[in-house]
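>>> Fold the following, please.
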Amino acid sequence: MVTLRALTLDDAPALTRIYSGASVRYTTGRALPLDQAQEKIRSALTRAAETPRAQWSWGIH
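Next up, the predicted model:
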């Protein structure tokens, strides 16, 4: 079973790992540095707080 939880800034290193290496070949074409991962998460959290909710972003517990 997979349990989802709200995304947090602690997820930035994992996001950086996901968007690096061969996996980016088919997405952005470039790796995602830690500072940009943190900003991406901050943006996602801001949009998740909007009413109606504008974005859903989850981490795996």
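>>> which residues of the protein fall in strands?
Taking DSSP state E as the test, the strands found in the chain are 4-6, 58-60.
>>> Tell me which of those lies nearest to A31.
Proximity to A31, assessed across the strands of the chain by Cβ to Cβ, is greatest for strand 58-60 (20.0 Å). All C-beta spots, glycine's among them, are computed from the backbone N, C-alpha and C.
>>> what packs against that closest one?
If contacts are counted by 3 or more Cβ pairs under 8 Å, 6 or more residues apart in numbering; DSSP states H and E, strand 58-60 sits against strand 4-6.
>>> Contacts for the strand it packs on, please.
Residues from elsewhere that reach strand 4-6 (Cβ atoms under 8 Å, 6 or more residues apart in numbering): A48, S57, W58, G59, I60, H61.
>>> Name the nearest of those relative to Q36.
Closest to Q36, out of all of the contacts of strand 4-6 and judged by Cβ to Cβ, is S57, at 15.1 Å.
>>> Tell me who's in contact with the closest one.
S57 touches A6, L7, I41, A44, L45, A48, counting by Cβ under 8 Å, 6+ apart.
>>> burial count for the first one?
It stands for A6. By other Cβ atoms under 10 Å, 13 other residues sit near A6.
>>> where's it relative to L15, distance?
Using Cβ to Cβ, to the nearest Å, A6 is found at 14 Å from L15.
>>> thinking L7 is in contact with G59, fair?
Yes: at 5.0 Å, L7 counts as touching G59 under the criterion of Cβ atoms under 8 Å.
>>> okay, these two: which has more neighbours?
Neighbour totals were compared for L7 and G59, and L7 leads with 20 against 15 (other Cβ under 10 Å).
>>> any idea how far the residue nearest to the more buried one when sequence neighbours are not counted is from R47?
Nearest in space to L7, with sequence neighbours left out and distances taken as Cβ to Cβ, 6 or more residues apart in numbering, is S57 at 4.4 Å. Distance of S57 to R47, given as Cβ to Cβ: 8 Å.
>>> cool, R17 as well?
Going from R17 to R47 by Cβ to Cβ gives 23 Å.
>>> Any regions of the chain where pLDDT drops low?
Residues of the chain meeting the criterion pLDDT under 70: none.
>>> That concludes my questions; thank you for your assistance.
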